[in-house]
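A.B. asks: Everything below, folded, please.
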Amino acid sequence: MKLAEYCNTTTSYIGHIETGLKFPSMDMIEKMAEILRIEPYLFFKNRIKQDASNDTETIYPKLPISMKNEINNEMDLTYPSKEPLLPPGNKMK
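C.D. replies: Residues are numbered from 1 along each chain as shown. Below you'll find the model as predicted:
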């Protein structure tokens with residue numbers, strides 16, 4: 001209830017995120033992480049595999065294609081290079 005209040009959204013929206021019915025925007029993920037004082041990637045961390053050598057490999061495939069594309073665009077702006085650092089969203093399974 002407090003998380004919804006701090007995020008300026010409804011408790012039903014937070015409930016839909018928790019149950020997988022909705023996926024939050026990048027802004028909402030960052031806002032929730034800031035309020036909870038955690039890193040945003042922890043929302044996607046594989047809870048079963050505790051010793052993942054590369055968290056990106058376990059987190060990235062779970063993201064929606066739109067978010068993968070947004071991440072790639074941000075990385076292109078931040079780290080311009082000829083080769084993308086992450087595969088484009090539409091090529092991931």
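A.B. asks: And this protein, split by domain according to the record?
C.D. replies: 1-43, 48-93 (automatic domain parsing).
A.B. asks: Report the secondary structure element holding the closest residue to residue 40 other than its chain neighbours.
C.D. replies: Spatial nearest neighbour of residue 40, chain neighbours left out: residue 33 (4.1 Å); criterion: C-beta to C-beta, 6 or more residues apart in numbering. Quick note: C-beta positions are derived from backbone N, CA and C, even for glycine. Using DSSP states H and E, residue 33 maps to helix 26-36.
A.B. asks: Show the end-to-end separation of stretch 22-41, please.
C.D. replies: Length of stretch 22-41, first residue to last, C-alpha to C-alpha, to the nearest Å: 17 Å.
A.B. asks: quick one: residue 18 from residue 72, how far?
C.D. replies: From residue 18 across to residue 72, the span is 27 Å (C-beta to C-beta, to the nearest Å).
A.B. asks: and residue 4, what is it in contact with?
C.D. replies: When contacts are counted by C-beta atoms under 8 Å, 6 or more residues apart in numbering, residue 4 touches 10-11, 13-14.
A.B. asks: Rounded mean pLDDT for the top helix by length along the chain, please.
C.D. replies: Looking across the chain with DSSP state H, the single longest helix is helix 65-78. Helix 65-78 comes out with an average pLDDT of 75.
A.B. asks: Now do the buried residues in that helix.
C.D. replies: Using 16 or more other C-beta atoms under 10 Å as the test for burial, helix 65-78 gives 67-68, 71-72.
A.B. asks: mind putting these in a markdown table, distance to residue 39 included?
C.D. replies: Formatted as a markdown table, the buried residues of helix 65-78 follow (distance: C-beta to C-beta, whole Å):
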| residue | distance to residue 39 |
| --- | --- |
| 67 | 16 |
| 68 | 18 |
| 71 | 15 |
| 72 | 20 |
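A.B. asks: ok, so of those residues, who is nearest residue 25?
C.D. replies: Residue 25 lies nearest to residue 67 out of these, by C-beta to C-beta, at 8.5 Å.
A.B. asks: count of neighbours near the nearest residue to that closest one once chain neighbours are set aside?
C.D. replies: Excluding the flanking residues, the one nearest residue 67 by C-beta to C-beta, 6+ apart is residue 26, at 6.5 Å. Using other C-beta atoms under 10 Å, residue 26 has 14 neighbouring residues.
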